[in-house]
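# sharing a sequence plus its predicted fold:
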Amino acid sequence: MTSMQRVLTALSHKEADRVPLFLLLSLYGARELQMSVKNYFSSHENIIRAQIAMLKKYGADCIYGFTYAAIEIEALGGEVIYVEEGPPNSGEPVIKKNGDIEKLEFPKVRETPCLLKALKAIEALKAFAGGETPIIGVVMSPFSAPVMQMGFEKYIELIYENRPLFDILMKKNSDFCVEWANAQLEAGASAICYFDPVSSPTIIDRGLFLETGFRVAKGAISKIKGAAAAHLASGRILPIIDDVAASGAAVIGASSLEDMKLVKEKCRGKISVLGNLNGIQMCGWDARRAETEVRKIIDSAACGGGLIISDNHGEIPWQVSEDVLLAISQAVREWGRYPQN
Amino acid sequence: MDFNSLAADFENSLISMNKNKARSIFKTIEKFEDRIFFIENSVVPALRKIGECWESGETSLAQVYMSGKICEEIIGDFSHEAGMRPAAKPKIGIATLEDHHCLGKRIVSSVVRSAGYHLTDFGHGISALELSKAASEDKTEILLVSVLMLHSALKISELKKFLAASGAKTRIIAGGAPFIFDDSLWKNVGADASGRGAFDAVRLIKEQSERTDA
């Protein structure tokens, strides 16, 4: 089976030849090419070279088209702060006061240099992979992007205290999100990872989620012209699995804080699960521990398909050793074969 | 006055984020001593309970944040009207190391201030070296360090070295997402303690303060 066949079989809740593995390697490409994170993301050619090299080295079942979350802030003219050995961060908020929301204007995706860089990378990676390996594009959800746009505190206060202005921001963010997602699909992405950490019950309660993040996700995902995976970036998902499935997402990213067996039971037949290796602890693992952790997930959730093994956050930290990534890949091949006994 | 009933109503008003109700409940308490008693025995425990419920997935971070903010405002107004001053000892500082997301710092600040402590805020996006200099100059005894990203958490080991080199005996309490996902990370980076949530901050300050005094 090709990686694409394996993944599509898993997503149809059937057992492929083995459980698919997504190693979500973004800034890790800088480590692969032995260059600074800033230098790495300065050129689409670096991303292409590293993604191809890492696919060959680790043998995962996807190519990750993700660059960095703050690229969407950069597109708005905001500040991106580069650090050594970590993901680029968004700097000072572009929305400094509520009044800025009505004035907020997004650029056209295809006229924005930083986004074009990411699209060029996806186009070249698609040319390399053909139809054999899925390419995952990424967008920040319209509901979660304001954490970077205006800061977490102000955003929480906006949600609770100024719903009309919140709705204006959601409309603007949704329009951009859909345009950005569809541009990535047109460039060759096979599916879109819809990062939506604020929708997690870790951040807001389910009642509020149904009034806000759910409504926004349902609207945006319905306009994205391809499959979408909702990723809550380490946040808990158990209380809202049915809701996320109802929003139109085909996959949900699971937190390492939750029991994968319970998650799988609740997802079975409705939505596939991506997860849930602990990316932070992974930095201190050795090969044996990596194998143990992979086996735990397989034992809990592989039966019947509908599982893709991955980290729980959506990005492998720089500090994870290559040996651990190789051990994860090897363990999936060894213990993830179907049928499972 | 039925304090238990008032306390339950106050806690519910926080969970439902009803600022006006929380404020009106507090104002039903007339005597100064009763208000102090209520803060110590109802407000602070309510914040702790909401924080503990967050850890078990029963409340959300938004509820933790908003309840802390409501309490900080109510107690701040009361303290101002009563001419009270927050406790000057131990000397506590707080910062978001390297990162630019300040929600964690803001929540912890609210909880700590609600418990009657004074805090010096060293800001966010601050480097380990800058923070060590600021804390040393301020003679900070307990430094609350909030982070969101793993690479920022790892910078605490640098902070520890810089503080030691300057001769400061500042104790570091680390908090933030990376420490929730790895229980041993705080020890690995050389912090003196770590909390799983803002509700741990007051207890850890007391514990670390006793060690500073010893």
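Nice, thanks for sending it over.
# can we go C-alpha only for contacts and neighbour counts from here?
Will do.
# contact residues of the stretch 101-250 of chain A facing chain B?
Residues of the stretch 101-250 of chain A lying close to chain B (C-alpha under 8 Å from any C-alpha of the partner chain) are A:151, A:152, A:153, A:156, A:157, A:201, A:202, A:203, A:204, A:205, A:236.
# the second one against residue B:105, yeah?
Right, the one you point to is residue A:152. No - at 11.1 Å, residue A:152 and residue B:105 do not qualify as touching, with contact defined as C-alpha atoms under 8 Å.
# my read is that residue A:257 contacts residue A:236, right?
Yes - here residue A:257 reaches residue A:236: they are 6.8 Å apart, a contact under C-alpha under 8 Å.
# the two: which is more packed in?
More crowded of residue A:257 and residue A:236, by other C-alpha atoms under 10 Å in any protein chain shown: residue A:236, with 22 against 18.
# are we agreed that the more buried one is in a strand?
No - secondary structure of residue A:236 (DSSP: H, G, I helix; E, B strand; the rest coil): coil, not part of a strand.
# how about the contacts made by it?
By C-alpha atoms under 8 Å, 6 or more residues apart in numbering or on different chains, the contact set of residue A:236 is A:200, A:201, A:202, A:254, A:255, A:257, A:258, B:57.
# domains in chain B, as residue ranges please.
Following automatic domain parsing, chain B resolves into domains at B:3-82, B:87-213.
# does the strand or helix carrying residue B:163 reach chain A?
Element membership for residue B:163, per DSSP states H and E: helix B:156-165. No - applying C-alpha under 8 Å from any C-alpha, one finds helix B:156-165 separated from chain A by no less than 14.0 Å.
# can I get the CA coordinates of the helix or strand just after that helix in PDB?
Per DSSP H and E, the first helix or strand lying C-terminal to helix B:156-165 is strand B:171-176. In PDB, the C-alpha atoms belonging to strand B:171-176 read as follows (Å, rounded to 0.1, in the frame of the first residue of the first chain):
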ATOM      1  CA  ARG B 171      13.700  30.700  44.300                       C
ATOM      2  CA  ILE B 172      12.100  29.900  41.000                       C
ATOM      3  CA  ILE B 173       8.500  28.600  40.700                       C
ATOM      4  CA  ALA B 174       7.900  27.500  37.200                       C
ATOM      5  CA  GLY B 175       4.500  27.100  35.500                       C
ATOM      6  CA  GLY B 176       2.900  26.700  32.100                       C
END
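# give me the buried positions along whichever helix or strand comes after strand B:171-176.
Following strand B:171-176 in sequence order, the next helix or strand is helix B:177-181 (DSSP H and E). Neighbour-count burial for helix B:177-181 flags B:177, B:178, B:179, B:180, B:181 (criterion: 16 or more other C-alpha atoms under 10 Å in any protein chain shown).
# now do stretch B:158-176
Buried residues in stretch B:158-176, defined by neighbour count with 16+ other C-alpha under 10 Å: B:158-160, B:162-163, B:168-176.
# show me what from chain B comes close to chain A.
Proximity of chain B to chain A is confined to B:54, B:57, B:59-63, B:65-66, B:99-103, B:106, B:149-151, B:178, B:181-182 under the rule C-alpha under 8 Å from any C-alpha.
# out of the residues you listed, which sit inside helices?
The helices, defined by DSSP state H, take in B:54, B:61, B:62, B:63, B:65, B:66, B:103, B:106, B:150, B:151, B:178, B:181 from the residues of chain B next to chain A.
# list the contacts for the closest residue to the fifth one other than its chain neighbours?
By the measure of C-alpha to C-alpha, 6 or more residues apart in numbering or on different chains, the closest residue to residue B:65 outside its immediate chain neighbours is residue B:107, 5.4 Å from it. Residues counted as contacts of residue B:107 (C-alpha under 8 Å, 6+ apart) are B:64, B:65, B:68, B:69, B:198.
# identify the farthest-apart pair in the residues you listed.
Pairwise distances across the contacts of residue B:107 (C-alpha to C-alpha) peak at 12.4 Å, for the pair B:69 and B:198.
# the more surrounded of those two?
Neighbours per residue (other C-alpha under 10 Å) separate residue B:69 from residue B:198, with residue B:198 holding more: 28 against 22.
# ok, now which ones touch the nearest residue to the more buried one once chain neighbours are set aside?
Sequence neighbours aside, residue B:108 is the residue nearest to residue B:198 in space, at 4.8 Å (criterion: C-alpha to C-alpha, 6+ apart). Applying C-alpha under 8 Å, 6+ apart to residue B:108 gives the contacts B:198, B:199, B:201.
# list phi and psi for residue B:122.
phi -90, psi 10 (degrees, to the nearest 10).
# tell me the centre residue of chain B?
When chain B is reduced to its mean C-alpha position, the closest residue under C-alpha atoms, centre = their mean turns out to be residue B:108, at 2.9 Å.
# from chain A, how far off is it?
Relative to chain A, residue B:108 is positioned 13 Å away (C-alpha to the nearest C-alpha, to the nearest Å).
# so for the helix or strand harbouring that residue, mean pLDDT?
Following DSSP H and E, one finds residue B:108 within helix B:103-114. For helix B:103-114, the mean per-residue pLDDT is 89.
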